[in-house]
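Novice: coords please:
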Amino acid sequence: MKSNGYVHAAPPGACQLATEPRTKSHQRFAFLDENVVFSVERCLSLMQAGSAMTKLKGSPRGLPRVYFLDRQRSAVCWRPSRKQDRAKISIDSVREVCEGRESEAFQRMECSSLDLACCLSVYHGTGLEPLALVASSPQEAQVWLTGLHFLMAGILGEDCLAKRQRTRDRWLQQTFEEADKNGDGSLSIEEVLHLMHKLNVNLPRRKVKRLFKEADTDTVQGSLNFEEFCALYKSISTRRDLYLLLFRYSNRQEHLTFEQLKCFLQTEQQMHDVSEEHCRSIVENFEPCKENKVRDVLGIDGFTNYMRSPEGDIFNQSHLKQNQDMNRPLSQYFIASSHNTYLTGDQLMSQSRAEMYAWVLQAGCRCVEVDCWDGPDGEPVVYHGHTLTSKILFRDVIETINKHAFVCSRYPVILSIENHCSVEQQRRMAYEMQEILEDKLDLSSVLDGDPSTLPSPESLIRKVLIKGKKLPSNLGEDTEDGEVSEEDSAEEIEGACKLMNGDTSSPDRRLVESFARRRLEILRKERKFRKSDDSSGSDSSLRASSSSPTSSDRLSAGDGADQRTISKRSSFIRTFRRDKRKNTKTKSKQEETSGQQEGSDSPRAGAPAPSRGSPRRGTKRLPLCRALSDLVQYTRSVALHDLRPDDTSSWQVTSLSESKANQLQQQRAEAFLHFNRRQLSRVYPSSLRVDSSNFSPHLYWSLGCQLVALNYQTSGRMMELNRALFATNGNCGYVLKPDCLGEEGFNPLSEEVLQERLHTELAVKVISGQQLPKPPDSVLGDRGEIIDPFVEVEVVGVPIDCRKQQTRVIDDNGFNPVWDETLVFHLHVPELALIRFLVWDHDPIGRDFIGQRTVSFRSIMTGYRHVYLEGFEEASIFVHISSKHISGKVKQTGGLKMLFSRPARPSSLDNSKNPTSRRHSISRDSLRRTASVPATGRHSKAQSVNFEPLRMPADITGDSPQTIVSRSNNQSRGRVSLCSARSSTTLHVPIFSSTSSTEDQAAS
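Specialist: Okay, the predicted model is just below:
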């Protein structure tokens, strides 16, 4: 079948649609031609049947595939594919569906002969990856557009509880289908055993067979259907920790009444004004047993559902929406900012895409960067100047920003314009912004004429601010253009990595490309070498100020002097060092005569200077047209000559490179903090980060910098910190600074000042883990060994607060490990603290990263909470959080220099009086391991007679807080007897995997 210039070949296994005649196709979609409201259900049914479409990627002919909606209507799949079961796109990950030739794939292939009505683009994933498709007919394209929009609208309209339940149901269905290797719709005992290994469940083979037999209740013996599989999964996932918690608050019953539930919520979860109606709604929403609903009680299943719901999450659910005062000046907010937004990868050779602006704006970013250069045919282009990065049209960038600016947040967007264009193309830029953005640039209703105060985000709702140079005020209004100092951060690029004349067709291109590739390869190896440190808590900016940083630390810090130390490693790097030194020397000489310019000049704090923003003698000049200058209102780009804030005008923004900002924080931290109280400052990554790595933003936040620009295309620790901070205010892109940053005399880097403040003691009791997966980069994947997990909790804040501690290692249990350890931290500035929970798999030669979750201290909920690992549907750790205020000095061990190499401190408040329960350092890891039930063929005599009790808080009913947990003869049948010290009542709790033993036993 041939249409639209592409041949649609029917691949093996294609559905009937791929071969049926056009007449049948028209009959099939005839309901779309009628001018009536047609059934969305009909569209979804057709999508499930499948459609032959062509995917545009690199080949001029395209890739013919059959695309279909899976049975659960949760993913778009295709065949044929070498990815097999992984050839799918989750509906949850779809960000946008567009009709027509909007994606870059269409533009790159110049498919002018294609019918627009047959084209559609699906943007999905965190990187907003485009899937460009060409349908066989306009009607078929309309079916997919309608169905996908309907499915996306259903997801957006869900509340947290419904989304959580749908995610869990989908995970169970997906797990069942992946375990069903022969595709017969049922699981055999061998498939179940393989699934147990994949889920990190370490159970003896005979016990799995017994549970399998108990779940197999239908007439077809020897296999489990989906409902029976759910029953089996429920039996192995019974939570001992939650069972004991319910048992304690239910007066040793197997359910909670309204009064008992209210007592639990007020006492443990620190909830206030809990009414009976609220308890009734919990039973109605979470209790699956009808009998319990009739009796108005919450059983163990309902209690488990509630604790695993969003209401039991560690993140404050009220912070999912904007919850802070938005009527203060802009300078009092942290603003989510992006660096070189258009780039998809490194800073030297990667692709530039307009879609990146859509992605970062939908991720909550409110300040994006646009590097503008002269383009062909009078059309300005956007790319990283003097490099081999690709070019995109300025107009396409503005159209994308206009479309996506206020989809996820209504608060103002700042366009950071780095202008390198001629006057003619500047006029073109101004015209296109006014034409496309229209009233979004109109600030007439906001301007109040007071230059000493910045407007608030609330007063700038749905407005776009242009950050750029502005003509001097002494020029007459009739003057069409003038000159300003040029802002050119591209000049900071190493000379050997830069096309000096900007011509990509020059003879030097091959040399520059070769050097850039080698440079990037070295940085990739450096990053891989220190990957584990970065994931576990390395803070490059903080390490840069350490007394004896390592060479890799110096590279992370981005300091030019530190880079010279790394350069000793090879002759190639030594050559690079000589070139860099020459460039630095030339640049320094030029700065002495020409002064400073924004984005590339070092600030001379305290030096005498002309009025802020005025051109200095000998500065590199750039012509600027009046039309572009007039678009700049509250965010005028100026160079930093001193740290004395200009009281006559707050409508200014100063940009500093990472290395220049580091100099300020080391030499004049208090003055820099005071400067940021009234005016905006922007910090962007060092030019040495050509691999698009990121610095730690927290140091600059603690100094009050509002616009801390990061490379959003690079995932990892730094972006996790960034997301955690801005999640505290509904991810709207603006977070109110803590009041302490406005206090006189406050210095986040001074231990003497911070020791006098009232501080907070944070106690994190790590109780257990649930369904922890194997490391994502495991060589053997799901077939690898069962993991040996441990948890690391880290505080990222002001230097005096930075600490991390870890639990012991649990052997061979990733499904339900139990640690039951308390880690204590003292926070002097809790308002700026971010808490990181990291899960690792211990390995004899190191450790493998499994997952993490980072939450701002301001968003943490106290009580018993689940910490769901980012990017996983079911993996979590169960913790108890408590905090209290204490005064007086607290002696912290280690300090900043010992952040990554200090010995572990005693971990548990409960064990503080027990000398045998002291926690050892990681170097003595063998004494910190706890074996689980041995697998078949392994024997452990000690494990059959010892059991570590799960310690619970004091009994609120007045009984003795001691709960005796002992093993009886029933242990072999998987039961544990619990007896109260004041009662003879005994409750048999099912235990399916023993995960603990005493540490002396492990040591023996």
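Novice: For the nearest residue to Gln425 once chain neighbours are set aside, give me its contacts.
Specialist: Closest residue to Gln425 apart from its sequence neighbours, by Cβ to Cβ, 6 or more residues apart in numbering: Pro380 at 4.5 Å. Every C-beta, even on glycine, is put in place using the N, C-alpha and C of the backbone. Residues in contact with Pro380, defined by Cβ atoms under 8 Å, 6 or more residues apart in numbering, are Cys372, Trp373, Asp374, Leu393, Phe394, Cys421, Gln425, Gln426, Arg428, Met429.
Novice: mind checking how far Leu116 is from Ala135?
Specialist: 11 Å (Cβ to Cβ, to the nearest Å).
Novice: So between the two, which is more surrounded?
Specialist: Comparing Leu116 with Ala135 by neighbour count (other Cβ atoms under 10 Å), the higher total belongs to Ala135, at 25 against 14.
Novice: gap between that one and Val143?
Specialist: Using Cβ to Cβ, Ala135 is found at 8 Å from Val143.
Novice: joint contacts of the two?
Specialist: Counting by Cβ under 8 Å, 6+ apart, the common neighbours of Ala135 and Val143 are Ser51.
Novice: Show me which positions of the helix or strand hosting Arg847 end up buried.
Specialist: In this structure, Arg847 sits in strand 846-856 according to DSSP states H and E. By neighbour count with 16 or more other Cβ atoms under 10 Å, strand 846-856 contains the buried residues Arg847, Asp848, Phe849, Ile850, Gly851, Gln852, Arg853, Thr854, Val855, Ser856.
Novice: what's the closest non-adjacent residue to the first one?
Specialist: The one in question is Arg847. Counting by Cβ to Cβ, 6+ apart, Trp840 is the residue found nearest to Arg847 once chain neighbours are left out, at 4.5 Å.
Novice: does the one you found really touch Pro789, like I thought?
Specialist: Yes. Using Cβ atoms under 8 Å, Trp840 is in contact with Pro789, at 6.8 Å.
Novice: Next, show the common contact partners of those two.
Specialist: Shared contacts of Trp840 and Pro789 (Cβ under 8 Å, 6+ apart): Ile850.
Novice: Return the alpha-carbon coordinates of stretch 515-526 using PDB.
Specialist: Output of stretch 515-526 as PDB, limited to C-alpha atoms (Å, rounded to 0.1, in the frame of the first residue of the first chain):
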ATOM      1  CA  PHE A 515      39.900  17.700  19.700                       C
ATOM      2  CA  ALA A 516      36.400  18.100  21.000                       C
ATOM      3  CA  ARG A 517      35.700  14.400  20.700                       C
ATOM      4  CA  ARG A 518      38.800  13.500  22.700                       C
ATOM      5  CA  ARG A 519      38.100  16.100  25.300                       C
ATOM      6  CA  LEU A 520      34.500  14.800  25.800                       C
ATOM      7  CA  GLU A 521      35.800  11.200  26.000                       C
ATOM      8  CA  ILE A 522      38.200  12.100  28.700                       C
ATOM      9  CA  LEU A 523      35.400  13.900  30.700                       C
ATOM     10  CA  ARG A 524      33.100  10.900  30.200                       C
ATOM     11  CA  LYS A 525      35.800   8.600  31.700                       C
ATOM     12  CA  GLU A 526      36.300  11.000  34.600                       C
END
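Novice: Tell me the spacing between Phe790 and Glu874.
Specialist: The separation that Phe790 has from Glu874, given Cβ to Cβ, amounts to 19 Å.
Novice: neighbour count winner among the two?
Specialist: Using other Cβ under 10 Å as the criterion, Phe790 and Glu874 rank with Phe790 on top: 27 against 18.
Novice: The more buried one is in contact with Asp843, isn't it?
Specialist: No. Applying Cβ under 8 Å, one finds Phe790 not in contact with Asp843, separated by 11.2 Å.
Novice: which stretches of the stretch 251-400 of the chain form strands?
Specialist: If DSSP state E, counting those that start in this stretch is used as the criterion, the strands of the stretch 251-400 of the chain fall at 255-256, 298-299, 333-338, 367-373, 381-382, 392-393.
Novice: OK, contacts around Lys884?
Specialist: Residues near Lys884 by Cβ under 8 Å, 6+ apart: Thr760, Glu761.
Novice: Please report how far it lies from Gln755.
Specialist: For Lys884, the distance to Gln755 - Cβ to Cβ - is 18 Å.
Novice: cool, His866 as well?
Specialist: Relative to Gln755, His866 is positioned 35 Å away (Cβ to Cβ).
Novice: One more: Glu178?
Specialist: The gap separating Glu178 from Gln755 is 54 Å, by Cβ to Cβ.
Novice: and if you look at Asp439?
Specialist: Look at Asp439 and Gln755: by Cβ to Cβ, they are 52 Å apart.
Novice: Just want to know which of these two has more residues nearby.
Specialist: Gln755 (15 against 11).
Novice: Do you know the pLDDT at that one?
Specialist: Predicted confidence (pLDDT) for Gln755: 86.
Novice: and the contacts of Pro380, which two are the farthest apart?
Specialist: The span of the contacts of Pro380, defined through Cβ to Cβ, is set by Leu393 and Gln426 at 15.4 Å.
Novice: Show me which of the two is the more surrounded one.
Specialist: A direct count of neighbours by other Cβ under 10 Å for Leu393 and Gln426 places Gln426 higher, at 26 against 16.
Novice: Assign the more buried one to helix, strand or coil.
Specialist: Gln426 falls in the helix class when you classify it by DSSP: H, G, I helix; E, B strand; the rest coil.
Novice: Then the one 4 residues further on?
Specialist: Using three-state DSSP, the structure places Ala430 in helix.
Novice: Do I have it right that it meets Leu628?
Specialist: Yes. Between Ala430 and Leu628 a contact is recorded at 4.5 Å, counting by Cβ under 8 Å.
Novice: which one of these two has more residues nearby?
Specialist: The residue with more neighbours, out of Ala430 and Leu628, is Leu628; 27 against 19, by other Cβ under 10 Å.
Novice: Please identify the helix or strand for that one.
Specialist: Counting by DSSP H and E, Leu628 is found in helix 626-630.
Novice: Check which residues of that helix are buried.
Specialist: Across helix 626-630, burial judged by 16+ other Cβ under 10 Å covers Arg626, Ala627, Leu628, Ser629.
Novice: And stretch 459-478, end to end?
Specialist: Length of stretch 459-478, first residue to last, Cα to Cα, to the nearest Å: 31 Å.
Novice: same thing with stretch 670-681?
Specialist: OK, stretch 670-681 end separation, Cα to Cα: 15 Å.
Novice: Buried residues, that stretch. List them.
Specialist: Buried residues in stretch 670-681 (16+ other Cβ under 10 Å): Glu670, Ala671, Phe672, Leu673, His674, Phe675, Asn676, Arg678, Gln679, Leu680, Ser681.
Novice: mind listing which of those are in strands?
Specialist: If you go by DSSP state E, the buried residues of stretch 670-681 have Leu680, Ser681 in strands.
Novice: Output stretch 800-813 as PDB, restricted to C-alpha atoms.
Specialist: This file holds the C-alpha atoms of stretch 800-813, laid out as PDB (Å, rounded to 0.1, in the frame of the first residue of the first chain):
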ATOM      1  CA  ILE A 800      27.900  22.700  58.900                       C
ATOM      2  CA  ASP A 801      24.800  20.600  58.300                       C
ATOM      3  CA  CYS A 802      26.100  18.300  55.500                       C
ATOM      4  CA  ARG A 803      26.200  14.800  56.900                       C
ATOM      5  CA  LYS A 804      25.400  11.300  55.800                       C
ATOM      6  CA  GLN A 805      24.900   8.000  57.600                       C
ATOM      7  CA  GLN A 806      24.000   4.500  56.600                       C
ATOM      8  CA  THR A 807      22.300   1.400  57.900                       C
ATOM      9  CA  ARG A 808      23.800  -2.100  58.000                       C
ATOM     10  CA  VAL A 809      23.800  -4.500  55.000                       C
ATOM     11  CA  ILE A 810      21.000  -7.100  54.700                       C
ATOM     12  CA  ASP A 811      22.100 -10.200  52.800                       C
ATOM     13  CA  ASP A 812      20.100 -11.700  50.000                       C
ATOM     14  CA  ASN A 813      16.800  -9.800  50.400                       C
END
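Novice: start at 437 instead
Specialist: Okay, using 437 as the starting number, the last item reads as stretch 1236-1249.
Novice: I appreciate the help and will end here.
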